[in-house]
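>>> mind looking at a prediction? Sequence and model below.
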Amino acid sequence: MRVAATIARRRSVIPGFGMTLGMSLLWLSLIVLIPLAALFLKTAELSFSQFVDIISSRRVLHALQLSFGLSLAAAAVNLVFGTLVVWALVRYRFPGRRVFDAIVDIPFALPTAVAGIALTNLYAESGWLGSLLVPFGIKVAFTPLGIFVALVFIGLPFVVRTVQPVLEDLEKELEEAAASLGATRWTIVRRVILPSITPALMTGFALALARAVGEYGSVIFIAGNLPNVSEIAPLLIVIKLQEFRYADATAIAAVMLLASFLLLFLINTLQRWSEARTGKRA
Amino acid sequence: MSDFDPRAATAGVATQPAQRRKVDVRADAPWVRRTIIGLTVGFLCLFVVLPLINVFAQAFSKGIAVYLAALQDAETLAAVRLTLIVAFASVLSNGFFGLMAAWAIAKFEFPGKNILITLIDLPFSVSPVIAGLVFVLLFGLQGLLGSWLAVHDIEIVFALPGIMLATIFVTFPFIVRELVPLMQEQGTEEEEAALSLGASGLRTFIRVTLPNVKWALLYGVLLCNARAMGEFGAVSVVSGHIRGETNTLPLHIETLYEGYQAAAAFAVASLLALLALVTLIAKSALETRTAKE
Amino acid sequence: MRISILNVTKRFGGFTALDQVKLDIRSGELIALLGPSGSGKTTLLRIVAGFEWPDDGEVQFDGENALSHSVGERHVGFVFQHYALFRHMTVFENIAFGLRARPRKYRLGEQEIRKRVEKLLDLVQLGWLAERYPQQLSGGQRQRVALARALAIEPRVLLLDEPFGSLDAKVRKELRRWLRMLHTEIHVTSIFVTHDQEEALEVADRVVVMDKGRIEQVGTPQQVYDHPHSPAVHEFVGESIIVPVTVEAGDVRFGDESLGLDPQGISNGAALLFARPHDLTIVPSTGDHRLKGIVRRIHGIGPARRVEVALGSANAETLIEVDALRAQQFRVGQLVGLRADQYRLFPAPKAGTPT
């Protein structure tokens, strides 16, 4: 029979595909892709040796090491304490549990500048906590230790919120089965529960790490911002910009962006791993 | 494994009812419970509650009069105005395009969909400073388009447009991310039904799709707004910190704080802290709402 | 409204869902598309509706090409398997949706719309639920609302995609009967898709048996049950006993025995004998041309008994199930004969050809 032109070829009965996809791509390009491309174009203006020179200068290296090192440490602390917190919130009932559950979201919702000045004031030698530490000779504000505290603050919700749904949906039958087979409580935790939430834990860790590496507002008030001592990489970028040393700023940003992309890729992989393990999206 | 034998425990106590010890195999030992809860409460209080309380304590440390004066200061009001405008622009633009993107992603299958989703998530993983930097590289005086803009006397960086662009960048994924999983879960059947009943595409979208996602949309708008109002790093790079002109509220806080007007800085900060609390309360209200549906 | 489906073909990637399908549906009839999953029946329904487009072929409504119209323009009433009710609208609003969605020019006044919706609510006997939301209704109620919603736009054809598939058995039976009554009242051309042959045979005027993207047979329920044209139809519609036999020189043989049956025009070679469990009668074995076998198991199902009989030799057994009256007595291990009152012979499929 006639094939033809009388048959309307359509992709789907639902309308609007072309328009919505087109507009989305346009917006994405304008706001995200083209600006990011500008970064890469500017980076490309540097020769490879120029790039390496900038990155390996003492100040830049130190800033990168500081940022990544402290972020790792803070994410690790959040991994440990985040696990405890999510365990308490999901498995236990105690007065004020709902309130504490909501409190976990505060570092995520609070503007970074507000957090920055609040933490600085708290840990300064005249502050509530800072003054308690003075007799021990521990200085938090204006030192790398202060940066560490700020990074722990802003990374706090990530492990908890990532693991929470997975822990909540864990089949209790698994634990009951293990117990009926003679396992002690500790064995059950170690062999049954932890493996199920490990992908989510790793994802939360990676998310906290990614956030900490790029953090600016919460940190610059409490950091001493002394070059080679307590200067984080994002601050160095800003300083270079103010000095109109665009090339330097671009090079450092490129390194950080590369790290961000790698972390993003890692996070996506971890999320898929978690989904496969438990059927839940972490 | 416990070797508790109920019969042994009651042997010789025939007049008492047989003891039954409830053992919840999923419960932890009491000392473990207490330790973990203690550590949790301690950790959260130390790292979250204390700083939050500190904001308000410092804001009122010089008395209510100083607090109110700080809020009514001309520069503060200018910052409030600017912040509201920028947040409004972000919510509006990202809401509109977010709905479009969510429609394209949730209702259709096409190659490269995963790449699109990853690209949309990009602003999340980029440092806010870099977000500001890219716009300076694009529109700044030494930037790619710098000379062209100077010739045409258009100001983007160190002016409102730049601040808006940087904020829109940073808040780009919020609304899409809330909409997509929900719309994917809801599928396309209701839309197909509406079309079969003679409704146009637009009518279907407005009458059938939108009402089904209204809470997720509202939630995304709230998150987008909160982030837009509180954004610091990206705006800091792009704004030039011109007092009274290109200072958003977070930048104004920084200006006050560095200018040794701590109480005033905390007063303004308390506004944003309140906004954060309101957002969180609305968030749990919405969550209980969607849980009920 | 008459519907003509002419040589419709549809492929999904490498998979052929419909292969040159040809069907004529008469105005006002209630026709069932019956088949196993993957047979293409739902795809065909969705093509008629306008949710899919064929790669080849034509669909005509009253002689006019339907494919150049979108689903909304075709004026069909579609009822989904999972209802697809608008969850944030009341029952009333759901039913009124199609009427309110018309462009201003063709839209009825609110008064008129209200009257129509109320009439439909009466028709489906759900007037008392008008202000409820879909989540507050049972499955059966939701499906009736979906039907009322589809009927509201006075469609030219009613298309139902496994409408009772998600409901439990009792509700299914009730709704089946009710659909039949509704059709007698309203008389709109209706096509419904089902994999439940009992449903198709009970409800439809005509049954279209489909398998692997092709139409195997079209006929009344009686025709399709009593005179299946192919092994696929015989097997899918009603229960089947299948016995491998050979046709030789006008005789039907099982193993070495001649069965004394008419080969029904099948040429010499391997063949399959199809019968219904109630078409074979167990008779005492007397040793002449007859199917013989040993009783393996007897289990009672309702008024009749089911007797499992093993035919053939020990190393090439064929196990069949035959209906027997409760009054008849058998022992496990007993040798019995089988008389075929009604049967169908089909050539055996060639080796390597999927049945």
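Arrived safely.

>>> make it CA atoms for all contacts and neighbour counts henceforth
OK.

>>> where do the helices of the stretch 1-150 of chain C begin and end?
Listed from the start of the chain, the stretch 1-150 of chain C has helices (DSSP state H, counting those that start in this stretch) covering C:41-49, C:71-74, C:91-100, C:110-123, C:139-152.

>>> contacts for the first one?
This means helix C:41-49. Contacts to helix C:41-49, defined as C-alpha atoms under 8 Å, 6 or more residues apart in numbering or on different chains, come from residues B:196, C:17-18, C:33-35, C:52-54, C:59, C:71, C:74, C:76, C:78, C:159, C:161, C:191-193, C:210, C:213.

>>> which residues are in contact with residue 92?
I went with chain A, as the question did not name one. Here A:Y92 is in contact with B:R33 (C-alpha under 8 Å, 6+ apart).

>>> wait, chain C
The neighbourhood of C:F92, defined by C-alpha under 8 Å, 6+ apart, consists of C:117, C:130-131.

>>> shaky segments in the stretch 151-282 of chain A?
Counting by pLDDT under 70, the ranges of the stretch 151-282 of chain A that qualify are A:278-282.

>>> nope, the stretch 1-150 of chain A is what I was after
Along the stretch 1-150 of chain A, the model assigns pLDDT under 70 to residues A:1-11.

>>> what about 80?
Applying pLDDT under 80 to the predicted model, the residue ranges of the stretch 1-150 of chain A that meet it are A:1-12.

>>> mind listing the strands in the stretch 51-200 of chain C by residue range?
Taking DSSP state E, counting those that start in this stretch as the test, the strands found in the stretch 51-200 of chain C are C:56-61, C:64-65, C:76-79, C:157-161, C:189-194.

>>> can you tell me which of these is nearest to chain B?
When the strands of the stretch 51-200 of chain C are ranked by proximity to chain B, the top entry is strand C:76-79, at 6.6 Å, counting by C-alpha to the nearest C-alpha.

>>> helices or strands up against the closest one?
Other elements packing on strand C:76-79 under the criterion 3 or more C-alpha pairs under 8 Å, 6 or more residues apart in numbering or on different chains; DSSP states H and E are helix B:189-196, helix C:139-152, strand C:157-161.

>>> of all the ones you listed, which lies closest to A:V90?
Taking C-alpha to C-alpha as the measure, the helices and strands packed on strand C:76-79 were each checked against A:V90, and helix C:139-152 came out nearest at 34.8 Å.

>>> measure A:Y246 to chain C for me?
When C-alpha to the nearest C-alpha, to the nearest Å is the yardstick, A:Y246 and chain C sit 52 Å from each other.

>>> now do A:A208
Counting by C-alpha to the nearest C-alpha, the separation of A:A208 from chain C is 38 Å.

>>> nearest to chain C within the stretch 101-250 of chain B, name that residue for me.
Closest point on the stretch 101-250 of chain B to chain C, by C-alpha to the nearest C-alpha, is B:G198, at 4.0 Å.

>>> pull the number of nearby residues for that residue.
The local packing of B:G198 (other C-alpha atoms under 10 Å in any protein chain shown) involves 26 other residues.

>>> got the contact list for the closest residue to it other than its chain neighbours?
Here the nearest residue to B:G198 in space, its sequence neighbours aside, is C:G72; by C-alpha to C-alpha, 6 or more residues apart in numbering or on different chains that works out to 4.0 Å. Residues near C:G72 by C-alpha under 8 Å, 6+ apart: B:195-200.

>>> flag every buried residue along stretch A:101-116.
A:101, A:103-116 (16 or more other C-alpha atoms under 10 Å in any protein chain shown).

>>> for chain C, which element, helix or strand, carries the lowest mean pLDDT?
The helix or strand with the lowest mean pLDDT-type score in chain C, counting by mean pLDDT, DSSP states H and E, is strand C:257-258 (a mean of 77).

>>> who's in contact with it?
Among residues not part of strand C:257-258, those counted as contacts by C-alpha under 8 Å, 6+ apart are C:251-252, C:289-291.

>>> could you do stretch B:285-293 as well?
Residues outside stretch B:285-293 that contact it (C-alpha under 8 Å, 6+ apart): B:215, B:219.

>>> tell me the mean pLDDT for that stretch?
Confidence over stretch B:285-293, taken as the mean pLDDT, stands at 76.

>>> just stretch C:74-86 next, same as before
Averaging pLDDT along stretch C:74-86 yields 91.

>>> of the contacts of strand C:257-258, grab the buried ones for PyMOL.
To isolate the buried members of the contacts of strand C:257-258 in PyMOL, using 16+ other C-alpha under 10 Å:
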select buried, chain C and resi 252+290+291
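
>>> least confident of the contacts of strand C:257-258?
Confidence by pLDDT is poorest for C:H289 among those, given 55.

>>> for the stretch 151-300 of chain C, which spans come out with low pLDDT?
When residues are selected by pLDDT under 80, those of the stretch 151-300 of chain C lie in C:255-260, C:263, C:284-291, C:300.

>>> check the helices of the stretch 1-150 of chain C for me: which has the lowest mean pLDDT.
Lowest mean pLDDT of these: helix C:71-74, a mean of 87.

>>> what does the stretch 101-250 of chain B put close to chain A?
Near chain A, the residues belonging to the stretch 101-250 of chain B are B:101, B:103-104, B:107-108, B:120, B:122-123, B:125-130, B:134-135, B:137-138, B:144, B:165, B:168-169, B:191-192, B:195, B:201, B:226-227, B:229-233, B:237, B:250 when assessed by C-alpha under 8 Å from any C-alpha of the partner chain.

>>> how much space between the residue of the stretch 101-250 of chain B closest to chain C and C:G127?
Taking C-alpha to C-alpha, to the nearest Å as the measure, B:G198 and C:G127 are separated by 24 Å.

>>> name the SS class of C:I282, please.
In three-state terms, and counting by DSSP: H, G, I helix; E, B strand; the rest coil, C:I282 is strand.

>>> which stretches of chain A form strands?
Ranges of strands in chain A, per DSSP state E: none exist.

>>> up against chain C, what does the stretch 51-200 of chain A have?
Contacts of the stretch 51-200 of chain A with chain C, taken as C-alpha under 8 Å from any C-alpha, are absent.

>>> any idea which residue of the stretch 51-200 of chain A lies closest to chain C?
A:D169 (24.4 Å).

>>> burial count for that residue?
By other C-alpha under 10 Å, the residues close to A:D169 number 11.

>>> name the residue of chain C that lies nearest to chain B.
Of all residues in chain C, C:G72 sits closest to chain B, with a separation of 4.0 Å (C-alpha to the nearest C-alpha).

>>> could you measure from that residue over to A:V13?
As it turns out, when the distance is counted by C-alpha to C-alpha, C:G72 lies 10 Å from A:V13.

>>> surely C:A348 meets C:A270?
Yes: with contact taken as C-alpha atoms under 8 Å, C:A348 and C:A270 are classed as touching, separated by 5.4 Å.

>>> nearest to B:R177, of the helices of the stretch 1-150 of chain C?
When the helices of the stretch 1-150 of chain C are compared by C-alpha to C-alpha, helix C:91-100 sits nearest B:R177, at 29.3 Å.

>>> tell me the contacts of the residue of the stretch 151-300 of chain C found nearest chain A?
Among residues of the stretch 151-300 of chain C, the one nearest chain A by C-alpha to the nearest C-alpha turns out to be C:L159. It sits 16.5 Å away. By C-alpha under 8 Å, 6+ apart, the residues touching C:L159 are C:45, C:49, C:76-79, C:190-192.

>>> that one pairs with what?
C:F78, C:I191 (DSSP bridges).

>>> domain parsing for chain B?
Per the record's domain assignment (automatic domain parsing), chain B is made up of the domains B:6-52, B:63-292.

>>> the lengthiest helix in chain C packs against which elements?
Looking only at chain C and at elements set by DSSP state H, the helix with the highest residue count is helix C:169-186. In this structure, helix C:169-186 packs against helix C:197-203, with contacts taken as 3+ C-alpha pairs under 8 Å, 6+ apart.

>>> and the nearest residue to B:S239 once chain neighbours are set aside, which of the three is it?
Beyond its immediate neighbours in the sequence, the residue positioned closest to B:S239 (C-alpha to C-alpha, 6+ apart) is B:F158, lying 4.2 Å away. For B:F158, the assignment made with three-state DSSP gives coil.
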